[in-house]
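Peer 1: Need a 3D model of the following:
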Amino acid sequence: AFVEFREQVLVLPIKKTKVYVTANALHSNHIFKFFTAEYRQDIKLLAVQHGGGYGIDFVNTPEEYEKSIADCYYSWGWSGSGVKPLPAQKLFDELDESSSDKYILYNMTAMPIWVYRLQNSYNSSDIRLKYIPYAKKFLSLVDENIKISIRGYQADYGWGIQDELLDINKNVSFEDWSVPFKKRLASAYIFVCDHVHTTYLESLAANKPTIIFFDQSVYSFREEAAVFFDMLHLAKIIHYTPESAAQHLNAVYDDVDTWWYSDNVQKARAEFCYRYARTSKNWLDEWVDEFQRILKEDK
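Peer 2: Predicted coordinates for the structure are as follows:
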């Protein structure tokens, strides 16, 4: 099958060029993978970080795979062997709109009930079974006057999350994905996230008041990353129990700006973002300069 697929790829009208850049085609775009593999000795392959966990997780298999085959790897701020930090195109350092409706945007995730691939996280059934009770506990402790809109994962995977959570708090509602995340984040009063994947980086980079909580036993961070997470924890951005997160949300809800724009919180946020969610108003010029530099180099 691979022989036949390769032959079909090679007759496609794909223009061969000197440099190829991708953020995620190395995982799921088989045409891209076969084509670049065929001409690997003649081209430069550049890979770009495309989500959270990179440079942070103690073990991150997608990161290791991408770095192992790329001539240069571009991160969202962190450095390493063969890694060059540049501002993240996906992240936004400002939001275009806001809303007077003081609702909480609570971003959840979901995991398949059954293990379907080998990966470095969420393979334990114990972790999967703890996730919804964590959310329940948080929602049950949030003050009744606080309106919460839950933005779940695109797939429920059979967990029945809406049915599990709607009865916990009368001010809880679920939204679909018809409105882009950036627009929903802009209109939210406070962003809450119960995992550390990608959306919390988007929120922190945009300087939206953010509260993150997760089970500390689920994640294992690199030593250099743990220092920055400790800073967020001391600033009360990160919490390790749903009880602590709910208590903090209740405490700051009426005057979130006093907490969020305090010197210690903004310092922690800025230092974390520069390392793991870097943005720049001149991001386009910086990327153009880098690509021009690459094109001038010999293979």
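Peer 1: show me where pLDDT drops low in the protein?
Peer 2: Under the criterion pLDDT under 70, the flagged ranges of the chain are 97-100, 113-128, 157, 298-299.
Peer 1: Mind jotting down where the helices sit in it?
Peer 2: For the chain, the helices defined by DSSP state H cover 2-10, 25-28, 30-38, 61-69, 125-141, 161-165, 181-187, 199-205, 223-234, 242-252, 256-260, 263-276, 283-296.
Peer 1: Would you mind finding the most buried of the ones you listed?
Peer 2: Ranked by mean neighbour count under mean count of other CB atoms under 10 Å, the helices of the chain are led by helix 199-205, which reaches a mean of 25. In short, each C-beta sits where N, CA and C put it, glycine included.
Peer 1: Quick check: which helices or strands does it pack against?
Peer 2: Under the contact definition 3 or more CB pairs under 8 Å, 6 or more residues apart in numbering; DSSP states H and E, helix 199-205 sits against helix 181-187, strand 190-193, strand 210-213, helix 263-276.
Peer 1: what does stretch 1-10 rub up against?
Peer 2: Outside stretch 1-10, the residues that touch it by CB atoms under 8 Å, 6 or more residues apart in numbering are 30-31, 34-35, 38.
Peer 1: From the residues you listed, pick the one nearest residue 214.
Peer 2: residue 30 (33.8 Å; CB to CB).
Peer 1: residue contacts, that closest one?
Peer 2: residue 5.
Peer 1: how far away is it from residue 265?
Peer 2: The spacing between residue 30 and residue 265, counted by CB to CB, to the nearest Å, is 45 Å.
Peer 1: Put together JSON lines for the helices and strands packed on helix 199-205, with distance to residue 167 on each row.
Peer 2: Shown next, in JSON lines, are the helices and strands packed on helix 199-205 (distance: least, CB to CB, whole Å):
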{"stretch": "helix 181-187", "distance to residue 167": "24"}
{"stretch": "strand 190-193", "distance to residue 167": "19"}
{"stretch": "strand 210-213", "distance to residue 167": "21"}
{"stretch": "helix 263-276", "distance to residue 167": "34"}
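Peer 1: Excluding chain neighbours, what is closest to the most centrally placed residue in the chain?
Peer 2: For the chain, the residue whose C-alpha lies nearest the mean C-alpha position (CA atoms, centre = their mean) is residue 198; its distance is 0.7 Å. Nearest residue to residue 198, sequence neighbours excluded (CB to CB, 6 or more residues apart in numbering): residue 52, at 4.1 Å.
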